[in-house]
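Visitor: Please work out how this folds:
(2 chains)
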Amino acid sequence: MSNVPADLRYLKSHEWARLEADGTVTVGISDHAQQALGDLVFVEAPEAGRRIAAGEACAVVESVKAASDVYSPVSGEVVAGNAELGGRPELINQDPYGAGWIMRIRPDDKAQFGALLDARAYEAALAAETH
Amino acid sequence: MGLRTPLYDVHVAAGARIVDFGGWDMPVNYGSQIEEHHAVRRDAGMFDVSHMCVVDLRGARVRDYLRRLLANDVARLTQPGKALYSCLLREHGGVIDDLIVYYMDDRWYRMVVNAGTRDKDLEWLRAHAGGFEVSVEPRPDLAMIAVQGPNARQKAAALLDPALAARALELGHFFGSAADPWFVARTGYTGEDGWEIMLPASEAARLWGRLRDAGVAQCGLGARDTLRLEAGMNLYGNDMDETTSPLESGLGWTIAWDPQDRDFLGRAALSAQKAHGVARKLVGLVLADRGVLRSHQKVIVPGVGEGEVTSGTFSPTLERSIALARVPSQTTDRCEVEIRGRLLNAAVVRPPFVRHGKIAIAL
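Guide: Now for the predicted structure:
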């Protein structure tokens, strides 16, 4: 079973989002996503300063098996991409909700964050996907 | 629900991630694909390859039949148990399948063909069998476990019948030995030493469990693919198919041109291709930049032309991305690969990339 922390928000496409105290939103891929992809070997995170729209493919994660786009949950400006992942993409497998974060975004509109799936809704989406 | 091997329940109980592979529900990994890969390069790993199709071919004229059907020549097999790798070709030279054939005795050869091509292979084998009075008998009663890695034979030998184990340990490369219905061959698809063990389906789960207890790592199709690609071995359907000939697929070495009067299926087409010059060739690529090569990415050879990646992956041994690619024959040592709209640099090399645990190319 995959881990779905209750304090995060999610996209059906398996990204998670956390609203930080400074108003930025941290984004990564869920435990379910990293399990499905398998060992990650390459991550292309966006550079700071880039403007992105909600739903835009703005990062790529590649496992031995396949490449997968990462979609932004919110519109805004990228504050940081996780540079650690360049040399250690396996951090996403080891700690998808912690050290394996992919990017931090300053959202244009915080209401967008509130409209994302909560943990229960994401779990339901996962259950629907596997049946 | 797909087709299942006799080991399906064992894989599920071990926590394997199951995927569809050519209609079969197969384990892709049991956790970390990269760890499974390293287990085979450094110690011992095992694969359930029971989805592959074992076919027994019998008859007084079976040798003549195979000399007509296969691009490689079974006349080269003079000792019982010896194996041969060959392509099965259409008349126009396209590859129906690649396979291994074992010379069992003068009236019996055993073939192992790919799972995804099973039905068309059997149809082709049967369509040509009549004139030679050869019987074509698939063996779904047999399971197959590949144990691979520098310590694989030693670990597995202790678990076999002692007489069979003694003979198996004496086998040279590409030889097999039977204790019917068991059959052990020193063959594989990883670039490491090891055995492929055919055995009654009903005994497969027991052997698998004992191998696991002996420290042989369970490995899925994911690691099987990275291992074979590092070893520079083609995958049917990716690196060659009915639209490509062996000459365009890095498999020229498997065509037995001599004796010249052996009229195997596809010979005329291959001869014509050879006479006119082959426009494309299959090469190895090592990506110089960061990224991962994948099948169907476009290859650009400046000043020469374009080609395509046929199989690509991240190589756990080289820790960079490698591929097989079909490119114009004039390609020399460099090319570019288009990945998500960008052109990345790659070196053109001659596979294998890795053999017997060692990097086999200059980086």
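
Visitor: rest of the way, CA atoms for contacts and neighbours
Guide: OK.

Visitor: roughly how far apart are the spatially most central residue of chain A and A:L11?
Guide: Of all residues in chain A, the one closest to the mean position by C-alpha atoms, centre = their mean is A:G28, 2.4 Å from it. Distance of A:G28 to A:L11, computed by C-alpha to C-alpha, to the nearest Å: 11 Å.

Visitor: Local confidence estimate at B:R110?
Guide: Confidence at B:R110, expressed as pLDDT, is 98.

Visitor: Could you tell me whether it really is in a helix?
Guide: No: assigned with DSSP: H, G, I helix; E, B strand; the rest coil, B:R110 falls outside any helix and is strand.

Visitor: right, and it touches B:V54 too?
Guide: Yes: contact criterion C-alpha atoms under 8 Å: B:R110 and B:V54 qualify, at 7.0 Å.

Visitor: how about the helices in chain A?
Guide: A:31-37, A:84-87, A:91-94, A:111-114, A:119-130 (DSSP state H).

Visitor: Remind me what the fourth one packs against, helices and strands.
Guide: Based on contacts counted as 3 or more C-alpha pairs under 8 Å, 6 or more residues apart in numbering or on different chains; DSSP states H and E, there is no element that helix A:111-114 packs against.

Visitor: Send me stretch B:117-135 as PDB with only the CA atoms.
Guide: The C-alpha trace of stretch B:117-135 is given here as PDB (Å, rounded to 0.1, in the frame of the first residue of the first chain):
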ATOM      1  CA  THR B 117       5.700 -14.400 -31.400                       C
ATOM      2  CA  ARG B 118       4.600 -17.900 -30.300                       C
ATOM      3  CA  ASP B 119       1.500 -18.200 -32.500                       C
ATOM      4  CA  LYS B 120       3.000 -17.000 -35.800                       C
ATOM      5  CA  ASP B 121       6.200 -19.000 -35.100                       C
ATOM      6  CA  LEU B 122       4.200 -22.200 -34.600                       C
ATOM      7  CA  GLU B 123       2.100 -21.500 -37.700                       C
ATOM      8  CA  TRP B 124       5.300 -21.000 -39.800                       C
ATOM      9  CA  LEU B 125       7.000 -24.000 -38.400                       C
ATOM     10  CA  ARG B 126       4.000 -26.200 -39.100                       C
ATOM     11  CA  ALA B 127       3.400 -24.800 -42.500                       C
ATOM     12  CA  HIS B 128       6.900 -25.900 -43.600                       C
ATOM     13  CA  ALA B 129       7.000 -29.200 -41.600                       C
ATOM     14  CA  GLY B 130       4.800 -31.300 -43.900                       C
ATOM     15  CA  GLY B 131       7.300 -31.900 -46.700                       C
ATOM     16  CA  PHE B 132       9.900 -33.000 -44.100                       C
ATOM     17  CA  GLU B 133       7.500 -35.200 -42.000                       C
ATOM     18  CA  VAL B 134       8.600 -33.300 -38.900                       C
ATOM     19  CA  SER B 135       6.300 -33.100 -35.800                       C
END
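
Visitor: Sort out which residues of that stretch are buried, please.
Guide: Across stretch B:117-135, burial judged by 16 or more other C-alpha atoms under 10 Å in any protein chain shown covers B:117-118, B:121-122, B:124-125, B:129, B:134-135.

Visitor: Can you give me every residue that contacts B:A231?
Guide: B:189-191, B:351-355 (C-alpha atoms under 8 Å, 6 or more residues apart in numbering or on different chains).

Visitor: Give me the local confidence score for the residue in the stretch 201-350 of chain B that chain A sits nearest to.
Guide: Closest residue of the stretch 201-350 of chain B to chain A, C-alpha to the nearest C-alpha: B:F314 (5.5 Å). Note on B:F314: pLDDT of 96.

Visitor: Which helix or which strand is home to it?
Guide: strand B:305-315 (DSSP states H and E).
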